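Enquirer: just the structure for this:
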Amino acid sequence: LSTSFTLTWSAAGNPAGTEYAVSIVGGESVPYTMDMFTYTFNGLTLGQEYDVNVTARNGNNIETAVASIHVITNQAPVVTITSPTPDQAFSEIAGFNTITVTGTVTDPDNNDVTVTATLAGVTKSTVVNSCAGGKTYTLVFDVVSDTIPESQPTLTVVADDGR
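Expert: Model prediction:
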């Protein structure tokens with residue numbers, strides 16, 4: 001998951017040996033370091049907004065104006081299950097041997113999300129593209145061809161945007 005952010009900048013005409021400092025407003029601060037052109041902030045919070053500043057300082061200790069950027073770390077997708085219902089029965093008998101898992105997945109970052117359902121050790125997946133506003137998904141298990149034993153297995157559904 002995106003709990004880190006890498007900031008990269010260029011010298012923009014500054015001579016070699018220029019020092020750069022980078023910081024998150026109200027958070028982590030990296031002191032002036034010579035010829036530093038990239039820095040990765042780790043341990044950030046999902047879905048959190050951050051203001052990041054970079055300043056340069058030359059050999060005469062003259063600092064530039066602050067260059068700022070506003071970033072938002074990745075937000076986790078949200079998945080709901082509308083079917084099957086907790087008390088739904090299934091068996092090998094025709095008409096009762098299909099288990100259809102449906103619901104919606106929403107990703108505030110509008111990423112593609114892989115929805116994976118696992119039932120009695122059998123796993124099915126589908127990719128839902130660009131789902132900021134919420135999109136439906138459907139995964140179908142067949143009791144016979146997927147060799148799902150008649151029982152009361154636990155259904156697990158996970159949404160993953162790969163970040």
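Enquirer: who does residue 105 bridge with?
Expert: residue 79, residue 135 (DSSP bridges).
Enquirer: buried ones in stretch 25-42?
Expert: If you call a residue buried by 16 or more other Cβ atoms under 10 Å, then stretch 25-42 has these buried ones: 36, 39, 41. From N, CA and C alone the C-beta is placed, and that goes for glycine too.
Enquirer: got the contact list for the first one?
Expert: Listed by Cβ atoms under 8 Å, 6 or more residues apart in numbering, the contact set of residue 36 reads 19, 20, 22, 30.
Enquirer: now swap in the last one and tell me
Expert: Each residue near residue 41 by Cβ under 8 Å, 6+ apart is listed here: 4, 5, 6, 7, 24, 27, 28, 50, 52.
Enquirer: what separates the nearest residue to residue 20 once chain neighbours are set aside from residue 84, distance-wise?
Expert: Nearest non-adjacent residue to residue 20, counting by Cβ to Cβ, 6 or more residues apart in numbering: residue 36, 4.8 Å away. Using Cβ to Cβ, to the nearest Å, residue 36 is found at 54 Å from residue 84.
Enquirer: please apply the same query to residue 101.
Expert: Distance from residue 101 to residue 84, by Cβ to Cβ: 7 Å.
Enquirer: mutual contacts of these two, please.
Expert: Residues touching both residue 101 and residue 84 (Cβ under 8 Å, 6+ apart): residue 155.
Enquirer: shouldn't residue 9 be in contact with residue 68?
Expert: No: counting by Cβ atoms under 8 Å, residue 9 does not reach residue 68; the two are 11.6 Å apart.
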